[in-house]
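**Q** Model the structure of this input:
(4 chains, ligands or ions: 4)
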Protein chains: 2
Amino acid sequence: MKTTRNTVAKTAVLEIFGKSKTALSHAEIQKQTGDLCDRVTIYRILERLVNDDIVHKIVNLDGTVKYAKCHHHAQRVHIHNHAHFSCEKCLEITCLENVKPSYIIPHNYKVNDINFTLSGLCPNCLNSNI
Amino acid sequence: MKTTRNTVAKTAVLEIFGKSKTALSHAEIQKQTGDLCDRVTIYRILERLVNDDIVHKIVNLDGTVKYAKCHHHAQRVHIHNHAHFSCEKCLEITCLENVKPSYIIPHNYKVNDINFTLSGLCPNCLNSNI
DNA sequence: AATATTATCGCAACAATGTTGCAATTAAAA
DNA sequence: TTTTAATTGCAACATTGTTGCGATAATATT
Ligand SMILES: [Zn+2]
Ligand SMILES: [Zn+2]
Ligand SMILES: [Zn+2]
Ligand SMILES: [Zn+2]
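**A** Ligands and ions are numbered 1, 2, ... in the order given. You can find the predicted model right below:
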C-alpha cells in the first residue's frame, strides 16, 4: 500500500500544471523547474501523477508526448475519452473536454482506453491566419 | 517534379507490408529486411511511402510509431480517419478500416487530420484469455 | 549500348527522449 | 526522536530519429 509523498519537486510540477492552459511536455516542465531537480526525477513524477490519475498522457500525431491535468475526478472508472487538439502552427495541445467521439466497434474487441487527437489550426492561429 | 525510383530496398519494404496483416514499426521492418540496407534507408523509405500516400503512420498510446499500407486509394482527399486498434497483450496494431468516429467540434477549429486509436484486447487475445 | 542526370543509399555523427540500478536523501509514520 | 521506505541524484545505457555528404545506382537521354 505505497503511500505518496509531497516533495518539493512534485509540488513545483503540480503548480506548473495549475498555471498552464495547455498540455506540457517533459522538456517544457524541465525548463520551468530550472535546476530544481534532475531530469529523471521529472520523468518519475510524471509517471506517478499519471498512475494516480492526476494528469493524463497525450501522444500527438508527430509522436510528441505531453501531459495535462485531469479535470474530471471522482468517477468510478477514470477514462480520458475526450478529444485533444494539436495546433500545427503554435504547436500547442489543448484538452477539448466536451468533445467526445462516438463510434461502433465489433463486439469481439474489448476497449480499455481511447486516444482521440485532432490536429489543424486552433482558434488563435486560425484568426491570425486571415 | 521529383520522379520516384524502384530500388531493391523499397521493393523489399513494400513486399513486407504486403504480407503483413498488422501495422509494422521501423524496428520490425528492419528485422525482416536483415542487412539488406542501412537503418537510415528504411527511415527514408518510410518517409517517402507516407508522402506518396502508400502507407500511413500510426502513433500509439504508448508513443510507439507504426506504419500500415493504405487500402483506400483513388480519393480526392486522402485522409486516414479510420480507427486503429492496439492490443495490450500481443502488442499488435491493426487498422479498423470500417470504424470511423463521429464528433462535434466547435466551429472555430480547423481540423486537418485525426488520430483515433483504441486500445484493449483484440479478438485473438480476448479468446485465449478465457 | 553508352552516357548523363539525380534519386537514393551508406556511413558517421549527432540529438532527443526515455529507462535502469543503486546509494543517498528526506517525507511521513511510529 | 527514531524508524521506515518513498523519493531523489547520478551515471550509464537504450531506443528512436535526424542530418550532411560523398558514393551508388535507377532511369532518362543520346
Ligand atoms: Zn495555434
Ligand atoms: Zn485531456
Ligand atoms: Zn492481441
Ligand atoms: Zn490504418
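**Q** what pairs with the helix or strand hosting A:Leu118, and is each one parallel or antiparallel?
**A** Applying DSSP states H and E as the criterion places A:Leu118 in strand A:110-121. Using DSSP bridges, the strands paired with strand A:110-121 are strand A:83-87 (parallel), strand B:110-121 (antiparallel).
**Q** Report the distance from that strand to the chain centre.
**A** 12 Å (C-alpha atoms, centre = their mean, to the nearest Å).
**Q** cool, and stretch A:6-25?
**A** 12 Å.
**Q** go on, stretch A:42-49?
**A** Mean C-alpha position of stretch A:42-49 versus that of the full chain (C-alpha atoms, centre = their mean) differs by 12 Å.
**Q** That one close to DNA strand D?
**A** Yes: among the residues of stretch A:42-49, A:44-45, A:48 lie within reach of DNA strand D under C-beta under 7 Å from any atom of the strand. Using the backbone N, CA and C atoms, a C-beta is placed for each residue, glycine as well.
**Q** So is that stretch next to chain B?
**A** No: under the criterion of C-beta under 8 Å from any C-beta of the partner chain, chain B is not reached by stretch A:42-49; the shortest gap measures 12.7 Å.
**Q** How about the residues of chain A by chain B?
**A** Near chain B, when you scan chain A using C-beta under 8 Å from any C-beta, you find A:57, A:59-63, A:65, A:83, A:85, A:88, A:96, A:99-106, A:108-123, A:126.
**Q** What pLDDT does the model give the nearest residue to A:Lys69 once chain neighbours are set aside?
**A** With sequence-adjacent residues excluded and distances taken as C-beta to C-beta, 6 or more residues apart in numbering or on different chains, A:Lys69 is closest to A:Phe17, at 4.7 Å. With respect to pLDDT, A:Phe17 scores 97.
**Q** tally of neighbours for A:Phe17?
**A** Other residues near A:Phe17 number 19, with proximity taken as other C-beta atoms under 10 Å in any protein chain shown.
**Q** quick one: stretch A:43-63 to chain centroid distance?
**A** 6 Å.
**Q** And the residue nearest to A:Lys69, how far from chain B?
**A** 20 Å (C-beta to the nearest C-beta, to the nearest Å).
**Q** per-residue pLDDT, the closest residue to A:Asp53 other than its chain neighbours?
**A** Leaving aside its sequence neighbours, A:Asp53 sits nearest to A:His78 (C-beta to C-beta, 6+ apart; 4.6 Å). Listed pLDDT for A:His78 reads 70.
**Q** Next, the buried residues of the strand holding A:Leu118.
**A** With burial defined by 16 or more other C-beta atoms under 10 Å in any protein chain shown, the residues of strand A:110-121 counted as buried are A:110, A:114-121.
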